[in-house]
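K.L.:
pasting the structure only:
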């Protein structure tokens, strides 16, 4: 009965909202019906009852781990991919729409090689990425352009920043960070992955659009071939070690920048309504001396926004 309640209150609403890319109408309906609050109450109830974990749901074809405590998360990650595999059947079907050989849905030796590739490029074990200084000028340029577009004359102090304007600027930063400046205006690239992610929402219920996927992955490969120094793609293609399916690791980065944009936008929204915290963040930015690579208070603000408004809720 508890498994059924979890599926109804937590799993099905998240599937309906879109596990790979959010469906705005479904998210709005869930908000009106209070489904997020209902899901939180269900998880709290389970967490109060089952202190040991991860909690395993008994499903018809497999056991599904549910993380209820921070300790459960660390335990599952340490014991991944065996016995806690991230490559569930529905995730493999969903991600295969746009990255069929990505590390998240790989197994065995292939996963080992692809995992090592990702960790080298992304500096997994470093608190600050070795290329952290490269995107900072890009961010400054795009932020300045965004503000200029909002207020061309520079006269209004209270210009309104809406999501559509923000996300367009955000993805210019993303494309330049991943591939270099030449990819700044390659809207078609990010439009293609958005369409493929929409297909991915249906997982195995929808056949992959193989032609669109092939065009997208070829576009990624072309961008990799012309990647500029300081970009993540350039770091990947210049690794001395053998690489396995490198082009199919990059879509996950583009995918992951989406919730990062949500978190950034929500952090800005929170700071705009909390003057004390806004002032403290501004002071930290003005007084820091590390090239804006170390901003602990602003980082804490982002983490607090994630606690209050998880991007995947």
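P.N.:
In hand now; what should we look at? These numbers were taken from a predicted model, which means no experiment stands behind them. Numbering: from 1, shown residues only.

K.L.:
Then residue 64 would be within a strand, right?
P.N.:
Yes. Assigned with DSSP: H, G, I helix; E, B strand; the rest coil, residue 64 falls within a strand.

K.L.:
Next up, the contacts around the nearest residue to residue 107 once chain neighbours are set aside.
P.N.:
Of all residues not flanking residue 107 in the chain, residue 87 sits nearest, at 5.8 Å (Cβ to Cβ, 6 or more residues apart in numbering). All C-beta atoms are positioned from the backbone trio N, CA, C, and that covers glycine. Neighbour list for residue 87: 81, 104, 105, 106, 107 [criterion: Cβ atoms under 8 Å, 6 or more residues apart in numbering].

K.L.:
Now restrict those residues to buried residues only.
P.N.:
104, 105, 106 (16 or more other Cβ atoms under 10 Å).

K.L.:
Surely residue 101 touches residue 245?
P.N.:
Yes. With contact defined as Cβ atoms under 8 Å, residue 101 reaches residue 245; the gap is 4.1 Å.

K.L.:
Quick check: neighbours shared by the two?
P.N.:
residue 114.

K.L.:
can you list contacts of the longest helix seen in the chain?
P.N.:
If you go by DSSP state H, the chain has its longest helix at helix 250-272. Around helix 250-272, the neighbours that count as contacts under Cβ under 8 Å, 6+ apart are 20-21, 95, 98-99, 102-104, 161, 163, 166-167, 170-171, 174, 178, 190, 193, 197, 216-217, 220, 224, 232-233, 236, 277-278, 281, 301-302, 304-306, 308-309, 311-312.

K.L.:
Give me the buried stretch members for the strand or helix carrying residue 43, please.
P.N.:
Using DSSP states H and E, residue 43 sits in helix 35-49. Along helix 35-49, these residues count as buried under the neighbour rule (16+ other Cβ under 10 Å): 35, 36, 39, 42, 43, 46, 47.

K.L.:
Give the closest residue to the last one in space, chain neighbours not counted.
P.N.:
Think residue 47. residue 68 (4.2 Å).

K.L.:
Assign the one you found to helix, strand or coil.
P.N.:
Quick answer, by three-state DSSP: residue 68 is coil.

K.L.:
change the start of the numbering to 30 and stick with it
P.N.:
Yes, from this point I'll number from 30; that puts the last item at residue 97.

K.L.:
List the residues that contact the nearest residue in space to residue 146 that is not next to it in sequence.
P.N.:
Distances taken as Cβ to Cβ, 6+ apart put residue 272 closest to residue 146, at 5.8 Å, once the chain neighbours are dropped. Applying Cβ under 8 Å, 6+ apart, we find residue 272 in contact with 146, 265, 266.

K.L.:
same thing but at 10 Å, please
P.N.:
142, 143, 145, 146, 149, 150, 265, 266, 278 (Cβ atoms under 10 Å, 6 or more residues apart in numbering).

K.L.:
Residue 249 versus that one, what's the distance?
P.N.:
Separation of residue 272 from residue 249 (Cβ to Cβ, to the nearest Å): 14 Å.

K.L.:
any idea how far the residue positioned nearest the centre of the chain is from residue 177?
P.N.:
Most central in the chain under Cα atoms, centre = their mean is residue 285, positioned 2.4 Å from the mean C-alpha point. Distance, residue 285 to residue 177, by Cβ to Cβ: 28 Å.

K.L.:
can you check residue 79 too?
P.N.:
53 Å.

K.L.:
what's the answer for residue 188, then?
P.N.:
10 Å.
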